[in-house]
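Visitor: Take a look and give me a structure for this.
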Amino acid sequence: MGLRVPVVNAPMGGVAGGRLAAAVTAAGGLGMIGMGSAGSAAALRRELPYTESLDGRFGIGLVDWVVAAEPELLEVAIAAAPTLIAVSFGMDPSWIERVRAHGIRTATQVYNATEARRAGDAGIDVLVARGAEGGGHGAVEMATLPLLDAVLGAVTVPVLAAGGIGSPASLAAVLAAGASGAWLGTHLAACSESSLPEASRRAMLAADGTDTIATTAFDVAMRLPWPTRFPARVLRNDFATRWTGHEDALRTNEAAQAELAAAVAADDPRTAPVDAGQGVGQVTAVTPAAQVIDELCSGAAELLDRSFER
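Guide: Below is the predicted model:
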């Protein structure tokens, strides 16, 4: 794909817009526009102008059930002619052939070797082995390194590692283990080019790796049709503490649902969700994406050089 560094930004809904995608590509990686739970054809069209100067050197990440509800979203993504389209969180691989027919590479997240083989058999170009440490939605089945080992043993296509990668050492670790690159989310979410709201950004900077929780409470309260297999790893806050494990009661609690809606609108991370993986403790400042990528990659290269010298 012509990348100078082995970094693809995770297409984080509400965070990874066109500005972040353009910045990551300019830094030598592959920038991804993320269309998450609130993704739509109109929303994607608003972000695409930021990528006009990239000559197609960017990607678009979609959610399977969102595409099913609005098929035009995939049509707009294909028409944008990006380098890569990723569709995750579903079992229907029919989109793969359709996207590849337009000369666009395909990717999807997987959580075990069986899923990896199934995607490989369907013609996928790139797999993302997303470990349980990762922020946002994903299955909590295996940690990143064991999952990476399993997926690499199951397929021959390139595999990107995701989940808990937030330092030169962790990037070096997944590359040494055989990953073709890293699918970075949390470590890029606080960058100056991201669309993360300001209060949520401050909450992320103040957190460490023990401050996250995997929960379905927010999806239940917002009535989002996420499969229960894919909880969201977020910063632990008052709402998550109160309602995780009590989702059945939350489904009918209109007061709690209204409380959450108001907090989301006000960007109040004491109640609203802030997606973050267990590498969030490495996020300590708001910096440009280029600086984050340079520090990660130069540091990882130095560590790998030392290892080979030994």
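
Visitor: Please enumerate the helices of the stretch 201-310 of the chain.
Guide: 217-221, 238-243, 247-250, 254-266, 289-309 (DSSP state H, counting those that start in this stretch).

Visitor: Quick one: closest of these to H187.
Guide: H187 lies closest to helix 289-309 among the helices of the stretch 201-310 of the chain, at 6.2 Å (Cβ to Cβ). No exception for glycine: its C-beta is placed from N, CA and C like everyone else's.

Visitor: Buried ones in stretch 299-310, by neighbour count?
Guide: Buried residues in stretch 299-310, counting neighbours by 16 or more other Cβ atoms under 10 Å, are found at A300, L303, L304.

Visitor: Hmm, A176 and the first one touching each other?
Guide: This points to A300. No: applying Cβ atoms under 8 Å, one finds A300 not in contact with A176, separated by 9.1 Å.

Visitor: Serialize the buried residues of stretch 299-310 to TSV and add fields for pLDDT and distance to P49.
Guide: Shown next, in TSV, are these (pLDDT from 0 to 100; distance: Cβ to Cβ, whole Å):
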residue	pLDDT	distance to P49
A300	97	33
L303	95	38
L304	94	38
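
Visitor: Dump those into TSV; add distance to A290 as well.
Guide: Listed next are the buried residues of stretch 299-310 as TSV, based on distance: Cβ to Cβ, whole Å:
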residue	distance to A290
A300	16
L303	20
L304	21
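
Visitor: And the residues you listed, which is closest to A256?
Guide: For these, the minimum distance to A256 (Cβ to Cβ) is 43.2 Å, reached by A300.

Visitor: and the closest one, how far is that from G166?
Guide: 12 Å (Cβ to Cβ, to the nearest Å).

Visitor: OK, contacts around the closest residue to V140 other than its chain neighbours?
Guide: Among residues not flanking V140 along the chain, A132 sits closest, at 4.4 Å (Cβ to Cβ, 6 or more residues apart in numbering). Counting by Cβ atoms under 8 Å, 6 or more residues apart in numbering, A132 touches G138, A139, V140, E141, M142, A143, T144, G163, A214, R233.

Visitor: Just the buried ones from those?
Guide: The neighbour-count criterion (16+ other Cβ under 10 Å) marks G138, A139, M142, T144, G163, A214, R233 among the contacts of A132 as buried.

Visitor: List the beta-bridge partners for the last one.
Guide: With DSSP bridges applied, the residues forming beta bridges to R233 are G136, A214.
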